[in-house]
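Asker: fold the following for me, if possible:
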Amino acid sequence: MSPPLTVTVRGRTFEPTPVFDTFWRFAAERHAITEKRFKGLPAPWTNDPILEAYPFCNTYRVLDRVSQYLIAEVIEKGSQDPTELVFRILLFNTFTSINTYETLRNAITPFTWSTYERANYERVLRGLYDDKVSIYTGSFQKPAPSLGFVENFMNHLVFMEVLMKKLPMRCAKAEYVADVFEWLCTFKSMGDFTAYQLVLNLSYSNVLNFSDYDFVVVGVGSRRGLQRCFKGQIPRACEVDIIRWMQLTQSDHFSRLKLKFNGLGSESRPIMLKIGTTPRRPFRPSGELPEMRLPKAWTLPARLSLRIKCPEEAEVEFIEKFVVSSIQSHRGVEGEREFLVYWEGYSSDEASWEPEDMLADDAPNAIKEYWKRPVDSSTL
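Answerer: The predicted structure follows:
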């Protein structure tokens, strides 16, 4: 039987909007595009004018180019000692740049934590910096902690050393994947988004051996998507429960809408808990995709056990923190003003348009700082 088109969690019943069915149609078509690209089929990969013109996150995070590189080149190449795995994943995650990682790996021998010396890594990074070669990627720039250096890349390098002192042991002893996330969030420069991305990257290896359905952080983009899929305001405490319900009933919705959805890999893995974000730029193909690589750790028996730390995980305070980093633009929508907000600890892809009345209550100083800057009259 198909599930009811309402979901009841924590005593509240939520009714889907028409966007709810659009989400499933999008997920099926977006994954079909990815499957065609991995098979090497020529464009166009879809008849949908929006999906053809703009880039959207993969239905599965693990299939994006950065994750595929992480699995094949960072995790699978090199020592499989847990500490060395954590080091390589953490180093790559720090800059999230394939070019930076390969430059470091090619220049430093041996490329291991056991032989790590800061001066060697500083020399290579400073060489890139002096040559004006980007050390970071635009989508994943992270706030740098203040650890005594002028350059962000040096503060990040030292911060990596700080994390390496305890992160391998934290991963080894964690009873729940949420334990590692909570510990990472105790560091001032690790916002929810950056901490969760690191946890996901670690989970592609066997150093963080938990089910992919144990834990999710509801980011700005996910929150925005949920609000569009359901009528009325969704309390923060209900968000994770609704996402879990969607994940558990996904096959019913694909069937109800008569959508073909193959799932991921030979085992047809269902959609995971993470929801993607909205595009803002035209789609440009990045070339032929390499052979699909799924994490070998996913086959381990421990991954079959669901371990949710607590049913109230969505109510934990640190998951609900969204601090305005800056406001970069504004626009008029149906007679109301909205601001483009960049959030502390989140990448630029997570920036969102927020109504003026909400920001006036939550971040009045950010609005004042924005109006002190020269503004582009075209945005008025």
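
Asker: got a list of what residue 154 touches?
Answerer: By C-beta atoms under 8 Å, 6 or more residues apart in numbering, residue 154 lies in contact with 122, 125, 147. Every C-beta, even on glycine, is put in place using the N, C-alpha and C of the backbone.

Asker: need those in TSV with neighbour count and distance to residue 189, can you?
Answerer: Shown next, in TSV, are these (neighbours: other C-beta atoms under 10 Å; distance: C-beta to C-beta, whole Å):
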residue	neighbour count	distance to residue 189
122	17	19
125	22	18
147	14	9
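
Asker: and of the residues you listed, the nearest to residue 288?
Answerer: Nearest to residue 288 among those is residue 125, at 30.4 Å by C-beta to C-beta.

Asker: ok, that closest one touching residue 135?
Answerer: Yes. The criterion here is C-beta atoms under 8 Å, and residue 125 meets it with residue 135 at 6.2 Å.

Asker: hang on, the earlier thing: looking at the contacts of residue 154, which is nearest residue 153?
Answerer: residue 125 (5.0 Å).

Asker: spatially, what comes nearest to that closest one if we skip its sequence neighbours?
Answerer: Spatial nearest neighbour of residue 125, excluding adjacent residues (C-beta to C-beta, 6 or more residues apart in numbering): residue 153 at 5.0 Å.

Asker: residues touching the one you found, list them.
Answerer: 95, 125, 129, 135, 136, 144.

Asker: picking up where we left off before, could you name every residue contacting both of residue 125 and residue 135?
Answerer: 100, 153.

Asker: quick check: pLDDT value at residue 348.
Answerer: Residue 348 is assigned a predicted lDDT (pLDDT) of 72.

Asker: roughly how far apart are it and residue 290?
Answerer: 26 Å (C-beta to C-beta, to the nearest Å).

Asker: now do the end-to-end distance for stretch 40-48.
Answerer: Stretch 40-48 has an end-to-end distance of 19 Å (criterion: C-alpha to C-alpha, to the nearest Å).

Asker: so what touches it?
Answerer: Stretch 40-48 has contacts (C-beta under 8 Å, 6+ apart) with 29, 32, 33, 36, 37, 52, 285, 288, 289.

Asker: so what's the closest residue to residue 120 other than its chain neighbours up against?
Answerer: Excluding the flanking residues, the one nearest residue 120 by C-beta to C-beta, 6+ apart is residue 108, at 5.2 Å. Residue 108 is in contact with 120, 121, 124, counting by C-beta under 8 Å, 6+ apart.
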